[in-house]
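Student: generate coordinates for the sequence data below:
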Amino acid sequence: QVQLVESGGGLVQAGGSLRLSCAASGRIFSINVMGWYRQAPGKQRELVADITEGGSTKYADSVKGRFTISRDNAKNTVYLQINSLKPEDTAVYYCNAALREDSTWAVLRYWGQGTQVTVSS
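Tutor: Numbering: from 1, shown residues only. This is a model prediction of the structure:
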């Protein structure tokens, strides 16, 4: 059973910073892509950033220059450094991993339980 456990959310003032972490555990052969999504009240879940096993990154336009995604492959952990926070960044942030539990199995996507980020103005 694969689990993704996030940490690092909280309440911060606009302009502040947070660092989110997500650790994957369980039966894992390889993790192709790890990423962060967010969902604000009344809105659809959207991709914030993701990173491949090789380190290639992708960011939503709204976070470029403020958010930085990184990963530690040895620890099966992905991080999201969030700087210059804005009230519109308020959302539940979800970790996602596209991984194989076995070398012969298909790639499946797993989600964390989410961590709340609230930015006050």
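
Student: residue with max distance from the center of this structure?
Tutor: residue 104 (26.1 Å; Cα atoms, centre = their mean).

Student: tell me the pLDDT of that one.
Tutor: We have a pLDDT of 88 for residue 104.

Student: okay, and it sits in which element?
Tutor: Using DSSP states H and E, residue 104 maps to neither a helix nor a strand.

Student: distance check, it against residue 29.
Tutor: Applying Cβ to Cβ, to the nearest Å, the value for residue 104 to residue 29 is 9 Å. All C-beta atoms are positioned from the backbone trio N, CA, C, and that covers glycine.

Student: which residues are contacting stretch 24-35?
Tutor: 1-5, 22, 47-53, 69, 71, 73, 76-78, 95-103, 105, 107, 110 (Cβ atoms under 8 Å, 6 or more residues apart in numbering).

Student: is it possible to mark the buried ones in those?
Tutor: Buried by 16 or more other Cβ atoms under 10 Å: 4, 22, 48-51, 69, 71, 76-78, 95-101, 110, out of the contacts of stretch 24-35.

Student: same for the host helix or strand of residue 48, what does it pack against?
Tutor: Assigned by DSSP H and E, residue 48 falls within strand 46-52. Here strand 46-52 touches strand 30-39, strand 57-59, strand 67-72, strand 77-82, going by 3 or more Cβ pairs under 8 Å, 6 or more residues apart in numbering; DSSP states H and E.

Student: that one pairs with which strands?
Tutor: Strand 46-52 has the following strand partners under DSSP bridges: strand 30-39 (antiparallel), strand 57-59 (antiparallel).

Student: could I get those strands in a markdown table, plus columns for mean neighbour count and distance to residue 117?
Tutor: As requested, the strands paired with strand 46-52 are arranged in a markdown table below (neighbours: other Cβ atoms under 10 Å; distance: least, Cβ to Cβ, whole Å):
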| stretch | mean neighbour count | distance to residue 117 |
| --- | --- | --- |
| strand 30-39 | 20 | 8 |
| strand 57-59 | 15 | 16 |
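
Student: nearest to residue 85, of those strands?
Tutor: Closest to residue 85 of the strands paired with strand 46-52, according to Cβ to Cβ: strand 30-39, at 12.2 Å.
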